[in-house]
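S.K.: Have a look at this prediction, sequence included:
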Amino acid sequence: MSRARTWGIILVAFLASTQILAVALADEGGRHRRRERHSHREHEHSRNEFGTIDNPLYREQCGACHFAYPPGLLSAGSWSKILGQLENHNGAEVALDAQAEEAIGRYLEANAADRLTSKRAGRITSSLRGQTPTRITEVPYILNEHKDLPPETFKRTSVVSFSNCIACHPGAEQGVFDDDSVRIPD
């Protein structure tokens, strides 16, 4: 074999090796980006996706009787419907002056599921299909998320009812309903 031919083969082998290395490095970069996206998805639910309960008037007025639910758990239409039925709110009459009712209404509607851009708020909105339930426990997406839990779970004295989010979701007051942080009490 001639010396020129030997160097030619070495050069071709070297170029082929560098191409293979470049492809392998590019693929590793792709895997790294996929891992980052997967990691981002894993942590997506650990952040607030339903609106923080950051309105003192809402927290004070509604939280006096029950958990002040994050506004993103219902649509703007649902919140409006609830505020329109305060004379019989879960069997009790709620007395708010007109100014407080209007301020709470603006807050709830501005931060409702159909006004938020998070993925899970979007899933709530999609699941409603135009319905305006007045109970969070009637939202199809939320019902689906809890479908694997036996009904007796919600009858435990430590849970009380399906509407008692904070019994199992310690981050509920911050609008965090991360599956990894769920703690179902005995």
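M.R.: Now that the structure is in, tell me what you want to look at. Numbering: from 1, shown residues only.
S.K.: Quick one: low-confidence residue ranges for the chain.
M.R.: Within the chain, the stretches with pLDDT under 70 are 1, 24, 26-47.
S.K.: ranges for the helices of it?
M.R.: All helices of the chain, identified by DSSP state H, fall at 3-44, 56-63, 76-83, 98-110, 119-128, 140-145.
S.K.: Adding mean neighbour count and distance to residue 163, write those out as CSV.
M.R.: From N, CA and C alone the C-beta is placed, and that goes for glycine too. CSV is the format used below for the helices of the chain (neighbours: other Cβ atoms under 10 Å; distance: least, Cβ to Cβ, whole Å):
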stretch, mean neighbour count, distance to residue 163
helix 3-44, 10, 25
helix 56-63, 15, 13
helix 76-83, 19, 13
helix 98-110, 15, 17
helix 119-128, 18, 16
helix 140-145, 16, 10
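S.K.: would you turn the ones you listed into a markdown table with distance to residue 50?
M.R.: Listed next are the helices of the chain as a markdown table, based on distance: least, Cβ to Cβ, whole Å:
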| stretch | distance to residue 50 |
| --- | --- |
| helix 3-44 | 13 |
| helix 56-63 | 14 |
| helix 76-83 | 13 |
| helix 98-110 | 12 |
| helix 119-128 | 6 |
| helix 140-145 | 11 |
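S.K.: Might you calculate how far stretch 92-108 sits from the centre of the chain?
M.R.: 26 Å (Cα atoms, centre = their mean, to the nearest Å).
S.K.: Nearest approach to residue 151 belongs to which of the helices of the chain?
M.R.: Taking Cβ to Cβ, helix 140-145 is the member of the helices of the chain nearest to residue 151, at 11.9 Å.
S.K.: what packs against the closest one?
M.R.: With contacts defined as 3 or more Cβ pairs under 8 Å, 6 or more residues apart in numbering; DSSP states H and E, the packing partners of helix 140-145 are helix 119-128.
S.K.: Can you work out which other helices and strands pack against the helix it packs on?
M.R.: Applying 3+ Cβ pairs under 8 Å, 6+ apart, one finds that helix 119-128 makes contact with helix 140-145.
S.K.: Pull the distance from the helix it packs on to the chain's centre.
M.R.: With Cα atoms, centre = their mean as the basis, helix 140-145 stands 12 Å off its chain's centre.
S.K.: ok so, going back, can you tell me which of the helices of the chain comes nearest to residue 166?
M.R.: Closest approach to residue 166 among these is made by helix 56-63 (10.9 Å; Cβ to Cβ).
S.K.: Show residues contacting that closest one.
M.R.: For helix 56-63, the external contacting residues (Cβ atoms under 8 Å, 6 or more residues apart in numbering) are 53, 68-69, 96, 100, 103-104, 107-108.
S.K.: and what of stretch 118-131?
M.R.: Outside stretch 118-131, the residues that touch it by Cβ under 8 Å, 6+ apart are 44-45, 49-51, 72-75, 78, 113-114, 116, 139-142, 144, 177.
S.K.: Many thanks, have a good one.
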